[in-house]
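K.L.:
the sequence isn't on hand, but the structure is:
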Ligand SMILES: [Zn+2]
């Protein structure tokens, strides 16, 4: 072998700065020539090599994204938002399973009571699920990632809204599926939707004053009491599921949403509004 890669070119090769076509010649030659490989090893900066290995190591050690997180990132949600959402306990499988089981039971019970004229039991229970889901999705009592959300570089109210929308979408989606399982009732089976929005926004709007446990409990209890009283008075289709009732539910939801917006700063003093930091 008469030709060898010049030492300057070997150094440039080691730095990754050798340009084609010399790069191609060097590649081919280095594969066959032990002398030039020895020269390459001698001129390669060991510090740069170590740094390269460290970078590769770090890359391999990055925790893998879960399924939910990957999906969220894929549909365009920012990295840190996706991580916080994926860490919301309500979005975890166990909670989803519990909600799904509850809904299946509701549908079974409702179908067994086919002799009644409207799916009252389902309509009465369905709005409570999104309310409970939102209540469970924040607050130190239930949320193992609470510390993380406290130190997250994000507006408290914005984080609350992101989680609320995620939980609402999950709950409304599941309820919607349950409604599809009640085709006999047609659109009447969707009567829970506006009351669900009204209950959830009212529960959130009362949270800064009453706390994350009492507010949703009072709203949910009030809803059940109202249905029982209305049923005692005249049975048949209950007020919330009539056209007028739906309009009232929409108005309540809009009012509570407005109130919630006015109170948005109260959600940024989390320890005060959400109980002591334990
Ligand atoms: Zn050579």
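P.N.:
That came through, no problem. Predicted model only: the values in this text are computed from it and were never measured.
K.L.:
all contacts plus neighbour counts: C-alpha atoms, from now on.
P.N.:
Fine.
K.L.:
who in the stretch 1-150 of the chain is up against the ion?
P.N.:
The stretch 1-150 of the chain comes close to the ion at residues 4, 33, 36, as judged by Cα under 5 Å from the ion.
K.L.:
just the buried ones from those?
P.N.:
Neighbour counting with 16 or more other Cα atoms under 10 Å marks residue 36 as buried within those.
K.L.:
might you report the residue contacts of the residue in the chain that the ion sits nearest to?
P.N.:
Nearest to the ion in the chain, going by Cα to the ion, is residue 4, at a distance of 3.7 Å. For residue 4, the contact set (Cα atoms under 8 Å, 6 or more residues apart in numbering) comprises 29, 36.
K.L.:
before we move on, the earlier item: could the residues of the stretch 1-150 of the chain next to the ion be laid out in TSV, adding pLDDT and secondary structure?
P.N.:
Listed next are these as TSV, based on pLDDT from 0 to 100; DSSP: H, G, I helix; E, B strand; the rest coil:
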residue	pLDDT	secondary structure
4	90	coil
33	90	coil
36	89	helix
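K.L.:
low-confidence regions, the stretch 1-150 of the chain specifically.
P.N.:
Low-confidence segments of the stretch 1-150 of the chain, defined by pLDDT under 70, are located at 1, 48-49, 59-64, 68, 84-103, 105-119, 136-150.
K.L.:
run through the strands of it in chain order.
P.N.:
Taking DSSP state E, counting those that start in this stretch to define them, one finds no strands in the stretch 1-150 of the chain.
K.L.:
helices along that one, start to end?
P.N.:
Using DSSP state H, counting those that start in this stretch, the helices of the stretch 1-150 of the chain run over 7-14, 22-32, 34-43, 46-61, 67-74, 79-86, 93-112, 120-125, 128-136, 146-151.
K.L.:
buried residues in the first one?
P.N.:
If I follow you right, that is helix 7-14. Within helix 7-14, the residues that qualify as buried by neighbour count (16+ other Cα under 10 Å) are 9, 10, 11, 12, 13, 14.
K.L.:
for the fifth one, what are its contacts?
P.N.:
Think residue 13. The neighbourhood of residue 13, defined by Cα under 8 Å, 6+ apart, consists of 23, 26.
K.L.:
surely residue 204 meets residue 214?
P.N.:
No - between residue 204 and residue 214 there is no contact under Cα atoms under 8 Å: 10.8 Å.
K.L.:
what's the neighbour count on residue 65?
P.N.:
Counted by other Cα atoms under 10 Å, the residues lying close to residue 65 total 13.
K.L.:
ok, now which ones touch it?
P.N.:
Residue 65 makes no contacts at all, as judged by Cα under 8 Å, 6+ apart.
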